[in-house]
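Undergrad: Take a look and give me a structure for this.
(chains A and B)
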Amino acid sequence: MTQHLKVDMITCDGHGVCAELVPELIGLDEWGYPIVSTAAVPETALKHVKKAVKLCPKLALRLTER
Amino acid sequence: MSAPQVAQHNGPRLLTGRHVSLDEHARTNGVLPVVPNLIDVVTQSGLRGRGGAWFPTGRKLTTVAENARKAGGAHVIVNGAESEPCAGKDKLLLRSVPHLVLDGAELAALAVGARKITVCVHRGAGLADGLRTLIAERAARSWGSGLPVEVMEPPRWYVSSESTALAQFVDGGPGKPRSVSTYVSGVDGKPTLVSNTESLAHLALIARRGPAWFRAAGTAEAPGTALYSVSGSVRATGVYELPVGATGWDILNAAGGQTAPLRAVLLGGYGGTWISPDALAHPFTPEALKRVDASPGAGVVVALPQGACGLVETVRVASWLVSQNARQCGPCFNGLPAIADDLARLTWAQDHTAHDRLRFRLGVVNKRGACGHPDGVVKLAATALRVFADDVHAHLAGRGCAGWHRPSLLPLPTPPSPNEGWR
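TA: Okay, here's the model as predicted:
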């Protein structure tokens, strides 16, 4: 089981908080919307990822298991 | 005409060429059968969804049935919304063999444990009232499962015929896509089976005649027949039924053959792929076409003649697709206008920067929406750049093109009026 980031693009407003907190896994496109890595979230990034999930102003970011 | 490299096929299974009444349907196909192990039968038949994805129908039924058990119920939506401008098979099936489609929906509903069926038809096609009459006739004659069947007309927006958009519309909301798969949560929060009219019509016959009969046509990987909506530079525009595995040339020949030497073919729909005429020699199965980066999709085949400009056609269609987005996902409502603008600039303004930027943007926008709409536009634009590479160079060099003044080959329907909105 690995953990992955998933963004609900309908809910996302492009605040960009996630990319600030986890730049190693999330970049922004030219319009400010997140480009999320499909790779498994490494253990070392987990703390910041959880913070990003919590701080997303639209609650559009989720951590899913697969 | 080359012989199709597929199993023996004895004429059309779905297309009758006229309306089949309930009496005639009963005589030809017999009563609605009771098939307790329908999902197994469908799985063995190898039927794959004809709405465009070619996903195994047996697996789809299995998933929805499992989720329905946990959720305590399910819903079935018949997808006959057909907002693809060059497609005609849903409308044709609902006019000619409505009882086959309705039987398929009822059988699928019983198999997954659904309590209600909604038939979604193209708004303005004049189908809804006739279907309601037929459904009342079935009920009056105690034909079928007794499950309630309603008819709805979702708005004509391109994205409104997407499965999650249909579920949201049937649920009383706008006909816009949602983020959650209908397998998990659709109408009333219940797992919802959204199935294309053609898939359900095949299913109704498979339930009666069995998997071996179904597999007597088509290929081992993609058995059965399929409907192709053929238009453009062909003698007889129309919907044709051929065994899956028929080549592109077989399909064009079914429509009377080409009327001019061909430049390219648009395959699958507006969110589909341009292919060059050499690819027409391939059998049109999902597997064979994957090798040329294409898919039969929902069976749309449009022949573009030499002398028309595929790039100009693509610019027009891309702009039309921009007008059809639901304005929900940032990468879609920002990215698609940017892509359409780049396409227009490289086509009309010799803008080399736009060409380079377009290639980059296609990679950025792909797969980033809640539904497949942005991916379709990316596919259309990316394959246009490849198949019409010569035209791209000619336009960028300012050499003009022969197709410049030709009217659009691909129809661009007027979008729904603003007061119609998304309901």
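Undergrad: what residues does the host helix or strand of B:Cys120 touch?
TA: Assigned by DSSP states H and E, B:Cys120 belongs to strand B:114-121. Outside strand B:114-121, the residues that touch it by Cβ atoms under 8 Å, 6 or more residues apart in numbering or on different chains are B:68, B:73-81, B:90-91, B:94, B:101-102, B:105-106, B:108-109, B:127-128, B:131, B:147-154, B:161, B:166, B:169-170, B:187, B:193. Placement of C-beta: from N, CA and C, glycine included.
Undergrad: any idea how far that strand is from the chain center?
TA: Between the mean C-alpha location of strand B:114-121 and the chain-wide mean there is a distance of 18 Å, by Cα atoms, centre = their mean, to the nearest Å.
Undergrad: just checking, next helix/strand downstream of it?
TA: Following strand B:114-121 toward the C-terminus (DSSP H and E): helix B:128-140.
Undergrad: helices or strands next to the helix or strand just after that next one in the packing?
TA: Using DSSP H and E, the helix or strand that follows helix B:128-140 in sequence is strand B:149-152. Contact here means 3 or more Cβ pairs under 8 Å, 6 or more residues apart in numbering or on different chains; DSSP states H and E; on that basis strand B:149-152 packs against helix B:98-112, strand B:114-121, helix B:128-140.
Undergrad: Name the residues of the last one that come out as buried.
TA: Meaning helix B:128-140. In terms of neighbour count (16 or more other Cβ atoms under 10 Å in any protein chain shown), helix B:128-140 has its buried residues at B:128, B:131, B:134-135, B:138.
Undergrad: and the helix or strand harbouring B:Trp249, what does it pack onto?
TA: Following DSSP H and E, one finds B:Trp249 within helix B:248-254. Helices and strands in packing contact with helix B:248-254 are listed as strand B:225-232, strand B:238-243, strand B:262-267, strand B:300-305; criterion 3+ Cβ pairs under 8 Å, 6+ apart.
Undergrad: contacts for the third one?
TA: Yep, that's strand B:262-267 we're talking about. B:86, B:232-233, B:248, B:252, B:272-277, B:279-280, B:284, B:289, B:294-297, B:300-308, B:310, B:313, B:387-388, B:410.
Undergrad: switch to 7 Å and redo it
TA: Outside strand B:262-267, the residues that touch it by Cβ atoms under 7 Å, 6 or more residues apart in numbering or on different chains are B:233, B:248, B:272-277, B:280, B:294, B:296-297, B:300-306, B:308, B:310, B:387.
Undergrad: Does B:Tyr240 touch B:Tyr228 like I think?
TA: Yes - applying Cβ atoms under 7 Å, one finds B:Tyr240 in contact with B:Tyr228, separated by 5.2 Å.
Undergrad: burial count for residue 32?
TA: I went with chain A, as the question did not name one. Burial measure for A:Gly32: 14 neighbouring residues, criterion other Cβ atoms under 10 Å in any protein chain shown.
Undergrad: Not quite, go with chain B.
TA: Other residues near B:Leu32 come to 22 when the count uses other Cβ under 10 Å.
Undergrad: Return the residues in contact with it.
TA: B:Leu32 is in contact with B:103, B:106, B:143-144, counting by Cβ under 7 Å, 6+ apart.
Undergrad: Tell me which residue in the stretch 101-250 of chain B sits closest to chain A.
TA: Residue nearest to chain A within the stretch 101-250 of chain B (Cβ to the nearest Cβ): B:Ser179, separated by 4.8 Å.
Undergrad: quick one: that residue and A:Val7 touch, right?
TA: No - counting by Cβ under 7 Å, B:Ser179 sits too far from A:Val7 to count as a contact (9.5 Å).
Undergrad: Of those two, which one has the most company?
TA: Comparing B:Ser179 with A:Val7 by other Cβ under 10 Å, the one with more neighbours is A:Val7, at 22 against 18.
Undergrad: Would you mind listing the residues in contact with residue 64?
TA: Assuming you mean chain A. Contacts for A:Thr64 (Cβ under 7 Å, 6+ apart) come out as A:4, A:6.
Undergrad: could you do chain B instead?
TA: By Cβ under 7 Å, 6+ apart, the residues touching B:Val64 are B:74, B:112, B:183, B:191, B:193.
Undergrad: Would you list the buried entries among those?
TA: With neighbours counted using 16+ other Cβ under 10 Å, those contain these buried positions: B:74, B:112, B:183, B:191, B:193.
Undergrad: which outside residues touch stretch B:388-400?
TA: Outside of stretch B:388-400, the residues that reach it under the criterion Cβ under 7 Å, 6+ apart are B:309-311, B:346-347, B:350, B:352, B:355, B:385, B:401.
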